[in-house]
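Novice: can't give you the sequence, but here's the structure:
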Ligand code: M6R
């Protein structure tokens, strides 16, 4: 949530900062701002421009400025509002009364109210309603007490009384060749260029300049000058960390010929799944190879229960994982919203394993659930996409998704990759237990075909577009599925809600009679996932029940099923596969359906209102 970027080096900072926050815009997009330190006639001055709305609005405002903003040091921010409405005053960067300290922040300052009250009593004037601004005024107070202290030490002094989470980048007119960044439970990395440094909330913003990246850890502060960088931990000990080379290229983070990232990412799924599976399938042996789990494989063999914790779509993938693990690996599995697990008193037993699933690897609640498990000393493993992210670093072991950056706020390729990796894990865990060679081979062979089958469904985009066009004006939808496809009903509804703002409810089809059926009438369509699987007859009965109440039905069915055509309004076919793998296929038409309705209704599908990609606040 919120994207921050900072630059120090030999190039003009402004274009780099603006370009950088554009690639972070998916993290928050209700307002934006930039501050650049320039030295004119021997005097340092910080030029700050902010504006509500998207970054394009900020750019326009900057181009209308009389001053040429030309310095080599600066910070910028794209905001997802937590405290205070999205307006110019609340946009970052924030500054103190004397306009000496400017900073951008991602996170939440929990004790800001009491700090603000006491600062106001001491004569400070606030220009925003944000929690962030208190830090600038505390810096100002600290400066009065410590006239000679360097910016980094002043920042640490200021943060002493602050509780909460922060990724912070600070500049000051007093030290025109220094950028100070601090991380505390909010992602931050330093890109190391040739005579320049770019700090950012995530790697996509720095890839154009460098692929050498140092990921800061919680409690670390980095001091950057054009020539060098230094990192210290909370105990003021110097930290030496080798930069990691990020393999993502700048192109992966671009839309290419697609009108939206969301569509690009939907169409990337065959390749993304293939990347998640690459080198991991051993069809002959009916095994999978997961290098990231090798060190903990003995402990996994001992596992008596798996607890999956995640949020949003990742949680729904986990719900599919529960069915897979129990049926194929024979391990009791529970799935919990990470936001619940962290606050209830979960009972962990010695041989429990926590599996956290997170594309970004930075979701605050998922990270907190992980911390809970670590405190209880149980083994934690992760399915994560972003290399070097907090969850990737803090889990005991894990499996990377290798799908490149997912920019569209609505998760698509990360979801199908999660499902594919959960299937890999069921074979991995199952073969450590009772799963036969034949079954292992069967799943592995079917998994190998999945990317191709996803590609086949995508070829049917025109039919899905037509269905979307026909149904775009309905205001409510019910999504139904059973067994492996029940979580997919929830995921389909989630996609429609977030991209097209249409009210949609996901439900287990068997539960329909216990309430939701009351809503069904001719104006209330249902999307029913009805592949030819072990619960097909049951779901056909549910379809009949809807029909009897004149509810229009869009069915997702297995190719070759002619019967269903006779009883529903629309059928979208998916190819046949193993029952446990059908969710990877059945979700594809639901993603496209939601995407097309969102576009037809004229919405910004990549950046839906009120949302942000990476939910780094709880
Ligand atoms: O980065 P994560 O996988 O931890 O993100 C979890 C959710 O925030 C995410 O899946 C969210 O629900 C998506 N917007 C759904 O499309």
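Specialist: In hand now; what should we look at? Bear in mind that the values here come from a model prediction, so they are computed numbers and not experimental data.

Novice: can we go C-alpha only for contacts and neighbour counts from here?
Specialist: Noted.

Novice: could you measure the residue of the stretch 1-150 of the chain found nearest the ligand against residue 313, distance?
Specialist: Across the stretch 1-150 of the chain, the shortest distance to the ligand (CA to the nearest ligand atom) belongs to residue 1, at 10.1 Å. Going from residue 1 to residue 313 by CA to CA, to the nearest Å gives 17 Å.

Novice: hey, where'd the helices end up in the stretch 501-618 of the chain?
Specialist: 536-547, 582-600 (DSSP state H, counting those that start in this stretch).

Novice: Of these, which stretch is the most buried?
Specialist: The highest mean neighbour count among the helices of the stretch 501-618 of the chain, using mean count of other CA atoms under 10 Å, belongs to helix 582-600: a mean of 24.

Novice: Tell me where this structure is predicted with low confidence.
Specialist: Where the chain drops to pLDDT under 70, the residues are 248-253.

Novice: At the contact with the ligand, which residues of it appear?
Specialist: Proximity of the chain to the ligand, by CA under 6 Å from any ligand atom, involves residues 311-314, 358-361, 363, 409-411, 614-615.

Novice: Next step: those restricted to strands.
Specialist: Among those, the residues falling in strands (DSSP state E) are residue 358.

Novice: Pull the residues that contact stretch 386-403.
Specialist: Outside stretch 386-403, the residues that touch it by CA atoms under 8 Å, 6 or more residues apart in numbering are 187, 215, 217, 246, 272-273, 275-276, 290-293, 295-296, 358-362, 367, 370, 379-385, 405, 413-414, 417-418, 421.

Novice: one more time with 7 Å
Specialist: By CA atoms under 7 Å, 6 or more residues apart in numbering, the list of residues contacting stretch 386-403 from outside reads 215, 272, 275-276, 290, 292-293, 296, 359-362, 367, 379-385, 417.

Novice: Could you identify the longest helix within the protein?
Specialist: Looking across the chain with DSSP state H, the single longest helix is helix 437-458.

Novice: Next secondary structure element downstream of that helix?
Specialist: Following helix 437-458 in sequence order, the next helix or strand is helix 461-471 (DSSP states H and E).

Novice: just how off-centre is that following helix within its chain?
Specialist: Offset of helix 461-471 from its chain centre (CA atoms, centre = their mean, to the nearest Å): 28 Å.

Novice: Run the angle between that helix and helix 437-458 for me.
Specialist: Counting by axes from the mean of the first three to the mean of the last three CA atoms, to 10 degrees, helix 461-471 lies at 70 degrees to helix 437-458.

Novice: Looking at the helices of the stretch 501-618 of the chain, which is nearest to residue 32?
Specialist: Closest of these to residue 32 is helix 582-600, at 24.8 Å (criterion: CA to CA).

Novice: Check the contact between residue 44 and residue 172; I expect there is one.
Specialist: No: counting by CA atoms under 7 Å, residue 44 sits too far from residue 172 to count as a contact (9.3 Å).

Novice: Neighbour count for those two, which is higher?
Specialist: Per other CA atoms under 10 Å, whichever of residue 44 and residue 172 has more neighbours is residue 172, with 22 against 17.

Novice: Backbone dihedrals for the nearest residue to the more buried one once chain neighbours are set aside, please?
Specialist: Nearest residue to residue 172, sequence neighbours excluded (CA to CA, 6 or more residues apart in numbering): residue 101, at 4.6 Å. When read as degrees, to the nearest 10, the backbone of residue 101 gives phi -110, psi 130.

Novice: mind listing what residue 101 touches?
Specialist: 95, 136, 171-173.

Novice: which residues does residue 357 bridge with?
Specialist: In this structure, residue 357 bridges to residue 383 when assessed by DSSP bridges.

Novice: how deep is residue 61 tucked in, by neighbour count?
Specialist: When neighbours are defined as other CA under 10 Å, residue 61 has 13 of them.

Novice: Next: the one 3 residues further on.
Specialist: Other residues near residue 64 come to 9 when the count uses other CA under 10 Å.

Novice: now swap in the one 3 residues further on and tell me
Specialist: The criterion is other CA under 10 Å. On that basis, residue 67 has 9 neighbouring residues.

Novice: and if you look at the one 5 residues further on?
Specialist: Using other CA under 10 Å as the criterion, residue 72 is surrounded by 22 other residues.

Novice: so who does it touch?
Specialist: Contacts of residue 72 by CA under 7 Å, 6+ apart are 8-13.

Novice: rerun at 8 Å
Specialist: 7-14, 36-38.

Novice: Can I get the buried part of those as one ChimeraX selection?
Specialist: Filtering the contacts of residue 72 down to the buried ones (16 or more other CA atoms under 10 Å) takes a single ChimeraX command:
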select :7,8,9,12,13,14,36,37,38
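
Novice: Could you list which of the contacts of residue 72 belong to helices?
Specialist: With helices defined by DSSP H, the entries of the contacts of residue 72 inside them are 13-14.

Novice: Could you list which of the contacts of residue 72 belong to strands?
Specialist: Checking the contacts of residue 72 against DSSP E, those in strands are 7-8, 36-38.

Novice: Dump these to CSV, plus distance to residue 114.
Specialist: Listed next are these as CSV, based on distance: CA to CA, whole Å:
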residue, distance to residue 114
7, 32
8, 34
36, 31
37, 31
38, 34
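
Novice: wait, which of these is closest to residue 482?
Specialist: residue 7 (51.1 Å).

Novice: Any idea what that closest one is bridged to?
Specialist: Under the criterion used (DSSP bridges), residue 7 bridges to residue 74, residue 198.
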